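**Student:** Any chance you can model this:
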Amino acid sequence: ANMTAMLMPEGTLKSSVEQLQGELDKLGSTVSIDAGNYTTSISISSLDKYLPETLAIVEEILFEPAFKQQDFDRIQKQMLEGVVYQHQKPSWLASQATRSVLFAGSIYQRSNDGTEKSISGLTLADVKSFYKKHYTPQGAQIVVVGDVSTRQIKSELAFIENWKGEEAPLLRPQVVTPLKDQKIYLVDKPGAPQSIVRFVRQGLPFDATGETYLTQLANFNLAGNFNSRINLNLREDKGYTYGASGYLAANREVGAIVFSAQVRADSTIASIKEIEKELQQYSQSGMTDDEMKFLRLAVGQQDALKYETPSQKSMLLSSILSYSLDEDYLKQRNDIVETVSKSTLDELAQKWFTPEDYQIIVVGDAKSLKPQLESLQIPVEELEIIR
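**Tutor:** Residues are numbered from 1 along each chain as shown. The predicted model follows:
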């Protein structure tokens with residue numbers, strides 16, 4: 001999916017990539033193609049007066065990609081160089097370890113940037129096959145934001161009527177095995193002066209206004225903002241890190257809860273103990289009344305400027321379509337923030353933030369860290385990351 005999206009704008013049967021880009025530059029327009037978990041998106045930005053000319057270029061890119069071998073070879077080389085660079089970073093190792101531990105046996109156990117082996121194994125024939133199967137009008141949706149009437153945009157998008165293709169293959173549902181006993185997973189980064197410490201557990205799939213969103217609110221004062229307990233402890237009080245945070249990640253099928261900090265190597269064990277302590281206290285006692293007031297005020301204001309630009313509005317509408325959300329789901333969220341009770345969020349904190357339910361991931365110098373980690377009386381497993 002990524003390779004096809006990158007190759008699409010690299011020239012058409014009629015125009016070279018230089019000609020396409022030159023025309024877009026002259027118009028002041030941009031066209032980008034990106035592959036996500038479930039969809040590929042073509043994003044277009046244009047001055048109103050140049051929209052017909054810009055859409056003519058999009059029509060050419062969408063229906064007549066050149067798919068030249070020399071362009072494929074160059075992009076494949078770029079992708080390989082990119083993953084070699086990215087996969088050396090401790091942050092990537094920590095993220096990949098999280099995926100491997102939480103979603104083993106499913107497609108989500110790997111990031112969508114692939115591995116050296118999987119990228120090297122791709123061929124131009126694979127790209128052409130993917131394009132034929134997946135670049136289809138069946139299920140395609142179009143979002144338009146701008147000073148344009150429905151009649152006008154339908155006229156300018158009339159070429160879509162010529163788009164042919166069968167329904168794309170159905171996504172294969174993923175099954176994730178629940179985790180039981182707590183372990184420490186150690187990823188070796190020899191000689192690293194810092195360690196990445198993560199507490200991770202499986203969560204719920206995405207929802208806009210249900211338990212996943214409410215748990216996100218419950219996390220706000222624990223690790224969801226700069227003034228949160230874990231950040232103030234590890235950064236301001238102890239000086240172990242420049243920043244510690246926690247978040248919920250979710251898509252249609254799976255979810256995760258992650259608490260993470262990059263800390264001085266000599267404070268790795270102490271950081272684990274402090275995160276564990278904060279999780280324990282918060283899950284048992286919940287938030288204070290002052291924290292609840294701060295949550296209502298801060299979260300209510302966060303969305304105020306999120307959807308001002310045309311690009312932000314289009315992303316919002318795309319999310320509504322992708323996840324079949326209610327059109328007024330943002331208002332529903334604001335109502336939840338104003339009315340949800342402290343006891344409801346405290347109950348979710350007890351359910352989701354108990355430290356014993358988390359797997360612990362450490363990326364750092366295994367030689368020096370392993371004996372220290374074993375002193376915590378939690379089984380330690382060295383985790384080999386395939387790059």
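**Student:** Can you tell me the element Val144 falls in?
**Tutor:** Following DSSP states H and E, one finds Val144 outside all helices and strands.
**Student:** and it, what is it in contact with?
**Tutor:** If a contact means C-beta atoms under 8 Å, 6 or more residues apart in numbering, then Val144 has 153, 314 as its contacts. For glycine as for every other residue, the C-beta is placed from the backbone atoms N, C-alpha and C.
**Student:** how about 10 Å then?
**Tutor:** Going by C-beta atoms under 10 Å, 6 or more residues apart in numbering, Val144 touches 44, 51, 150, 152-154, 156-157, 310, 314, 317.
**Student:** And the residue nearest the centre of the chain, how far from Ser118?
**Tutor:** When C-alpha atoms, centre = their mean is applied to the chain, the residue found nearest the centroid is Ala249 (7.1 Å). Remark: distance between Ala249 and Ser118 (C-beta to C-beta, to the nearest Å) = 22 Å.
**Student:** and if you look at Gln109?
**Tutor:** From Gln109 to Ser118 the distance is 13 Å (C-beta to C-beta).
**Student:** part of a helix, is Ser41?
**Tutor:** No. Assigned with DSSP: H, G, I helix; E, B strand; the rest coil, Ser41 falls outside any helix and is strand.
**Student:** the more surrounded of Gln109 and Ser118?
**Tutor:** Neighbour totals were compared for Gln109 and Ser118, and Gln109 leads with 17 against 13 (other C-beta atoms under 10 Å).
**Student:** my read: the more buried one touches Val101, true?
**Tutor:** Yes. Gln109 lies in contact with Val101 (C-beta atoms under 10 Å); the separation is 8.7 Å.
**Student:** Spell out which residues are contacts of both of these two.
**Tutor:** Here Gln109 and Val101 have no joint contacts, going by C-beta under 10 Å, 6+ apart.
**Student:** quick one: contacts for Ser43?
**Tutor:** Contact partners of Ser43, counting by C-beta under 10 Å, 6+ apart, are 30-34, 143, 311, 314-315, 318.
**Student:** ok, back up a step: and for Gln109 and Ser118, which residues touch both?
**Tutor:** Ile386.
**Student:** Where does the residue nearest to Asn334 when sequence neighbours are not counted fall, secondary structure wise?
**Tutor:** Computed as C-beta to C-beta, 6 or more residues apart in numbering, the closest residue to Asn334 that is not its neighbour in sequence is Gly300, at 6.4 Å. In the assignment (DSSP H and E), Gly300 maps to helix 289-302.
**Student:** helices or strands next to that helix in the packing?
**Tutor:** helix 211-223, helix 329-339, helix 342-352 (3 or more C-beta pairs under 10 Å, 6 or more residues apart in numbering; DSSP states H and E).
**Student:** Need the winner for burial among those.
**Tutor:** When you average the neighbours per residue for each of the helices and strands packed on helix 289-302 (mean count of other C-beta atoms under 10 Å), helix 211-223 leads with a mean of 22.
**Student:** where along the stretch 51-200 of the chain do the helices fall?
**Tutor:** Assigned by DSSP state H, counting those that start in this stretch, the stretch 51-200 of the chain shows helices spanning 51-63, 69-86, 90-102, 116-120, 124-134, 150-156.
**Student:** who wins for proximity to Ser195 among those helices?
**Tutor:** Nearest to Ser195, of all the helices of the stretch 51-200 of the chain, is helix 90-102, at 8.2 Å by C-beta to C-beta.
**Student:** Would you map the strands across the stretch 101-250 of the chain?
**Tutor:** With DSSP state E, counting those that start in this stretch applied, the stretch 101-250 of the chain shows strands at 184-188, 194-203, 241-250, listed in chain order.
**Student:** okay, the ones you listed, which one's buried deepest?
**Tutor:** Most buried of those by mean neighbour count (mean count of other C-beta under 10 Å) is strand 194-203; its value is a mean of 23.
**Student:** That one pairs with which strands?
**Tutor:** According to DSSP bridges, strand 194-203 forms sheet pairs with strand 255-264 (antiparallel), strand 359-364 (antiparallel).
**Student:** Tell me which of the ones you listed sits nearest to Lys331.
**Tutor:** When the strands paired with strand 194-203 are compared by C-beta to C-beta, strand 255-264 sits nearest Lys331, at 23.8 Å.
**Student:** related to what we said a few turns ago, could you tell me the angle between the helix holding Gly300 and helix 211-223?
**Tutor:** Inter-element angle recorded for helix 289-302 and helix 211-223: 120 degrees (by axes from the mean of the first three to the mean of the last three C-alpha atoms, to 10 degrees).
**Student:** Tell me the confidence at the closest residue to Thr354 other than its chain neighbours?
**Tutor:** Nearest residue to Thr354, sequence neighbours excluded (C-beta to C-beta, 6+ apart): Ser283, at 4.7 Å. pLDDT recorded at Ser283 is 98.
**Student:** and Ser283, what does it touch?
**Tutor:** 218, 222, 346, 348-357.
**Student:** how long is stretch 57-71 end to end?
**Tutor:** Start-to-end span of stretch 57-71 (C-alpha to C-alpha, to the nearest Å) is 19 Å.
**Student:** For the residue nearest to Glu291 when sequence neighbours are not counted, give me its contacts.
**Tutor:** Spatial nearest neighbour of Glu291, chain neighbours left out: Asn221 (4.1 Å); criterion: C-beta to C-beta, 6+ apart. Residues near Asn221 by C-beta under 10 Å, 6+ apart: 227-230, 282, 286-288, 290-292, 294-295, 298, 345, 349.
**Student:** So, low pLDDT: which residues of this protein?
**Tutor:** Residue ranges of the chain with pLDDT under 70: 304.
**Student:** give me that answer again for 90
**Tutor:** Residues of the chain meeting the criterion pLDDT under 90: 36-39, 111-112, 139, 162, 165-175, 180, 300-308, 322-323, 386-387.
**Student:** re the thing from before, ok, which of the strands of the stretch 101-250 of the chain comes nearest Pro137?
**Tutor:** Pro137 sits nearest to strand 241-250 of all the strands of the stretch 101-250 of the chain, at 28.9 Å, using C-beta to C-beta.
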